[in-house]
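Undergrad: Take this sequence and fold it.
(one chain, ligands or ions: 1)
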Amino acid sequence: MSSLKIKNQLTEMLGIDFPMIIAPMFLVSNLEMISEAMKNGIAGTFPSLNYRKENELEKILLELNKIKNSLGTIKGNYGVNIIVQKTNILFEKHLEICTRNKVPFYITSLGNPAPVIAAARSYGGKVFCDVTNLVHAQKCAQEGCDGFIAVGQGAGGHAGPNPLQVLVPALIKNFPNIPVIAAGGIATGGGVLSCLSLGASGVSVGTRFISSIEAKVSDDYKQAINKSGMDDIVMTTKISGTPCTIINTDYAKKIGYEQNWLEKKLSNNSTTKKYFKMLVQLRGMKKLQDSVLPANYKTLWCAGKSAELIYETKSCKEIIDSIIRETKHDYEKLKKTFQE
Ligand SMILES: Cc1cc2nc3c(=O)[nH]c(=O)nc-3n(C[C@H](O)[C@H](O)[C@H](O)COP(=O)(O)O)c2cc1C
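TA: Predicted coordinates for the structure are as follows:
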């Protein structure tokens, strides 16, 4: 394991050595990746929706608690991402299973985090809320969240509209006591260092780990990540109705990036909204699910702009170690340039 340990609000709160999280990724995050995160002094997370079959979620939580309890002197941790939107029909069931198994921390996305915060409070679990602007951050702060995940421009998945250089300091200025984890476009030690210097307490890294050895997605998907540049990543509302970053495959070009007028109308009408969004999301989930298998002509691959900085498939341990090493190296290099 790398020698660099950082002591700050986040590492203390999560009990980790280095302030980095492997971000939750639908259909990508798995037990091996989270286990490697924990064994290498950071935190690993997964969306509860990756485990939709009966008993699957319970089983992985039992396994993760066992790994966490056997870490010894290494400080690593894990968390679960719960989609709190009304369209998530497994929300209550998944929250009950997570609470019973005392999940150490949660990441909530899309919607009101209050029920997750109440459940986590009952046993001392922590809750971090995905935010892309100050309005949503205000609501999460009012509900008593323990931290924000500031999702900035170019992030994989539902990227925010604001650059991290603005979003992170704005959150810190408005909510000085709430730690901020920066997410979006971070794949190197320089990226980590820049976020820490903005005042973030840590980073959440997704896209870099899609092309890890442990990710159980097709080699075509991993190669597409390794070969894509920043201009190959585009936004689409076709998958979930909310803007999402994908690789600009031939199929993505063919179907276009925006919902048609009827889809938009059904998404906004008060009577059809909930059910239509549910349908769009189920359809989008099916499309993504087909795409993590070997490539077909309907391939839609979710990935952020940091694909530009990713060239090869490596193990999670190698990725974590090199990011930590680079953070230390880049810090020392920068320090040498400062003149009193
Ligand atoms: C393939 C993929 C799937 C994702 N799935 C989810 C998800 O299910 N829930 C969620 O909150 N965020 C999801 N995200 C967003 C990540 O949690 C994280 O915010 C993002 O990956 C950070 O940006 P980066 O990819 O540039 O590192 C996903 C991202 C990717 C790339």
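Undergrad: Give me the neighbour count for residue 289.
TA: In terms of burial, residue 289 registers 11 neighbours under the definition other C-beta atoms under 10 Å. From N, CA and C alone the C-beta is placed, and that goes for glycine too.
Undergrad: need the contact list for it.
TA: Applying C-beta atoms under 8 Å, 6 or more residues apart in numbering to residue 289 gives the contacts residue 27.
Undergrad: If we go by neighbour counts, what in stretch 121-128 is buried?
TA: Within stretch 121-128, the residues that count as buried by 16 or more other C-beta atoms under 10 Å are 125, 126, 127, 128.
Undergrad: what does the stretch 201-340 of the chain have sitting close to the ligand?
TA: Within the stretch 201-340 of the chain, the positions adjacent to the ligand are 204, 205, 206, 207, 210, 302, 303, 304, 306 by C-beta under 6 Å from any ligand atom.
Undergrad: Which single one of the buried residues of stretch 121-128 is nearest to residue 22?
TA: The closest of these to residue 22 turns out to be residue 128 (C-beta to C-beta; 13.8 Å).
Undergrad: Closest to residue 30 out of the buried residues of stretch 121-128?
TA: Nearest to residue 30 among the buried residues of stretch 121-128, with distances taken as C-beta to C-beta, is residue 128, at 20.6 Å.
Undergrad: In the chain, mark out all the helices, start to finish.
TA: Ranges of helices within the chain are 9-14, 31-39, 56-69, 91-100, 114-121, 134-143, 164-174, 189-198, 219-227, 250-255, 261-268, 273-291, 316-337, based on DSSP state H.
Undergrad: now the closest residue to residue 64 other than its chain neighbours: how far from residue 37?
TA: Distances taken as C-beta to C-beta, 6 or more residues apart in numbering put residue 78 closest to residue 64, at 5.1 Å, once the chain neighbours are dropped. Spatial separation of residue 78 from residue 37 under the definition C-beta to C-beta, to the nearest Å is 7 Å.
Undergrad: which residues are common contacts for those two?
TA: Residues within reach of residue 78 and of residue 37 at once, by C-beta under 8 Å, 6+ apart, are 43, 44.
Undergrad: picking up where we left off before, specify the beta-bridge partners of the residue nearest to residue 64.
TA: Applying DSSP bridges to residue 78 gives these bridge partners: residue 44.
Undergrad: which residues does it contact?
TA: When the contact criterion is C-beta under 8 Å, 6+ apart, the partners of residue 78 are 34, 37, 38, 43, 44, 45, 64, 68, 103, 104, 105.
Undergrad: Next, give me the two most distant ones among these.
TA: When those are compared pair by pair using C-beta to C-beta, the two farthest from each other are 37 and 103, 14.7 Å apart.
Undergrad: and whichever residue of the chain sits closest to the ligand, what does it touch?
TA: Of the residues in the chain, the one nearest the ligand is residue 206, at a distance of 2.1 Å by C-beta to the nearest ligand atom. Residue 206 makes contact with 22, 23, 24, 25, 155, 156, 157, 183, 304, according to C-beta under 8 Å, 6+ apart.
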